[in-house]
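Q: I'd like to go over a predicted model; first the sequence, then the structure.
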Amino acid sequence: MTETSRRVLVTGADTFWGARILRALEGDAAIEMLLGLTSSAAAGTFERARLVCTEPTYSALRGVVCSSQVDTVIHPAMIVGSVHASGHEIHEANVISTMNLLAAAGTSGSSVRHLVVKSSSLVYGSTREDPATFSEETPRSDVPRTDVERSLVEAEGLVDDFAHDNPSATVALLRVADVLGAHIVTSITKNLSRPMCPCVGGFDPLVQFVHEDDVVRAVELATRHRLAGTFNVAGPGRLPWSEVAAICKTRRLPLPPVRPALAMAPLARLGIFDFPPELDALLRYGRGMDTSRLVAAGFEYRYTSVGAVQSFAHRLLHPARSARAPLSAGTAPPPRPRSRGTPAPGRRRGPRREP
């Protein structure tokens, strides 16, 4: 089914991904109503999208869904990094808010017929026993060990329950690899932007990235074509962490393989490096994902994994071309691109932190 959804609700309008997706969908004339859900007055302004400021409780979300009669809900607002969020905040955002949203979307008489959820490759984990490439059906080889991983796995379980309880609705779950780009700020982008970046001594894992523009385009595709199922979203190919550091012209700082977070703690407290728990396993064993299912659904990547790194490194080498300073989560979203095409890497604006 390729008919564009007519009435769309996007959560997290005050977050990086919510704002980017709203701005992308504003250019689609076939969408007659576009709502952005926010719990913060710090959300930016939009040309067509209307913002609804409310708390993510079931009663409030049910009121929004029922009164607006939206047929599509896009939920990109889950937290995938633990540096700036406590375990409680992560659980509230990823599990409780998702549970309330799905309950509202599945309430009796709901008009919602399509759900798009942005998740993360963190649900696969990263251990020495894992396969070189995860397909969408590959199970975790161990129990989730971090707050972020536990919350994402639980949230995906809620999405599966929604799909089972609402067979008339199509549900697309996008598992997104680590993201690089000109606007986004994550622990990885911050580390790669410094003269030295951490690595775990004795390990040089193969890693996979996706460009922020391709993530937005994947959400657009899932929305417009009403995709159903789970899809990995990652740039084709992988490369060693040492090569990533070389492309970004940063030197690797080896950490002891036993309890590296303990050795990094003083530097992390000073803000010199970011080393959240979820980064430890990645810098040991890496992670790769099979993306053939999304390609078969009609998606064409504009950036390979190496291309995403090179584009990000180009911004690092030409900082004067960035028109804005880095933005924190919850501040105004990045400006609309000048055209619908992919901007030249040197013309991307300053980064913004991913939730």
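A: Now that the structure is in, tell me what you want to look at.
Q: Name the spans of the chain whose pLDDT lies under the cut-off.
A: Along the chain, the parts satisfying pLDDT under 70 run over 1-5, 319-355.
Q: in the longest helix anywhere in it, what's buried?
A: Longest helix in the chain, counting residues (DSSP state H): helix 147-165. By neighbour count on 16 or more other C-beta atoms under 10 Å, the buried set for helix 147-165 is 147-156, 158-159, 162-163. No exception for glycine: its C-beta is placed from N, CA and C like everyone else's.
Q: Give me the contacts around that helix.
A: 78-82, 87, 90-91, 93-95, 98-99, 102, 105-106, 115, 117, 119-120, 122-123, 125, 140, 144, 169, 171, 173, 276-278 (C-beta atoms under 8 Å, 6 or more residues apart in numbering).
Q: now that helix: how far from the chain's centre is it?
A: Centroid displacement of helix 147-165 relative to its chain, using C-alpha atoms, centre = their mean, to the nearest Å, is 15 Å.
Q: ok, and the closest non-adjacent residue to residue 193?
A: residue 316 (5.9 Å; C-beta to C-beta, 6 or more residues apart in numbering).
Q: List the contacts of the helix or strand harbouring the one you found.
A: Assigned by DSSP states H and E, residue 316 falls within helix 305-317. With contacts defined as C-beta under 8 Å, 6+ apart, helix 305-317 is touched by 177, 180-182, 189, 192-193, 207-211, 214, 234-239, 244, 247-249, 303, 321-322, 345-346, 348.
Q: for that helix, which positions count as buried?
A: Buried-residue list, helix 305-317, by 16+ other C-beta under 10 Å: 305, 306, 307, 308, 309, 311, 312, 313, 314, 315, 316.
Q: Columns distance to residue 297 on top of the residues you listed, output as a markdown table?
A: Converted to a markdown table, those look like this (distance: C-beta to C-beta, whole Å):
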| residue | distance to residue 297 |
| --- | --- |
| 305 | 19 |
| 306 | 23 |
| 307 | 21 |
| 308 | 20 |
| 309 | 25 |
| 311 | 24 |
| 312 | 26 |
| 313 | 30 |
| 314 | 30 |
| 315 | 30 |
| 316 | 33 |
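Q: Which member of these is positioned nearest residue 45?
A: residue 315 (25.2 Å; C-beta to C-beta).
Q: Distance of that closest one relative to residue 248?
A: 10 Å (C-beta to C-beta, to the nearest Å).
Q: Which residue ranges of the stretch 1-150 of the chain form helices?
A: For the stretch 1-150 of the chain, the helices defined by DSSP state H, counting those that start in this stretch cover 16-26, 58-68, 87-91, 97-105, 147-165.
Q: Mind putting those helices into JSON lines with distance to residue 221?
A: Putting the helices of the stretch 1-150 of the chain into JSON lines (distance: least, C-beta to C-beta, whole Å) gives the following:
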{"stretch": "helix 16-26", "distance to residue 221": "11"}
{"stretch": "helix 58-68", "distance to residue 221": "23"}
{"stretch": "helix 87-91", "distance to residue 221": "28"}
{"stretch": "helix 97-105", "distance to residue 221": "21"}
{"stretch": "helix 147-165", "distance to residue 221": "18"}
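Q: Among these, which comes closest to residue 286?
A: Comparing the helices of the stretch 1-150 of the chain by C-beta to C-beta, helix 147-165 comes nearest, at 15.9 Å.
Q: Dump the closest one to PDB, restricted to CA.
A: Taking only C-alpha atoms (Å, rounded to 0.1, in the frame of the first residue of the first chain), the coordinates of helix 147-165 have been written out as PDB:
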ATOM      1  CA  ASP A 147      19.500   0.700  31.400                       C
ATOM      2  CA  VAL A 148      19.200   1.800  27.700                       C
ATOM      3  CA  GLU A 149      19.300  -1.800  26.400                       C
ATOM      4  CA  ARG A 150      16.800  -3.100  28.900                       C
ATOM      5  CA  SER A 151      14.300  -0.300  28.200                       C
ATOM      6  CA  LEU A 152      14.600  -0.700  24.500                       C
ATOM      7  CA  VAL A 153      14.000  -4.400  24.600                       C
ATOM      8  CA  GLU A 154      11.000  -3.800  26.900                       C
ATOM      9  CA  ALA A 155       9.700  -1.100  24.600                       C
ATOM     10  CA  GLU A 156       9.900  -3.400  21.600                       C
ATOM     11  CA  GLY A 157       8.000  -6.000  23.500                       C
ATOM     12  CA  LEU A 158       5.200  -3.400  23.900                       C
ATOM     13  CA  VAL A 159       5.300  -2.700  20.200                       C
ATOM     14  CA  ASP A 160       5.000  -6.500  19.500                       C
ATOM     15  CA  ASP A 161       2.000  -6.700  21.800                       C
ATOM     16  CA  PHE A 162       0.300  -3.700  20.100                       C
ATOM     17  CA  ALA A 163       0.800  -5.400  16.700                       C
ATOM     18  CA  HIS A 164      -0.700  -8.600  18.000                       C
ATOM     19  CA  ASP A 165      -3.700  -6.900  19.700                       C
END
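Q: Report the next helix or strand after that helix in sequence order.
A: Per DSSP H and E, the helix or strand that comes after helix 147-165 is strand 170-176.
Q: Quick one: work out the angle between that following strand and helix 147-165.
A: 160 degrees (axes from the mean of the first three to the mean of the last three C-alpha atoms, to 10 degrees).
Q: who's in contact with strand 170-176?
A: 1, 80, 113-121, 123-124, 136, 156, 159, 162-163, 210, 215, 218-219, 222, 226-234, 289.
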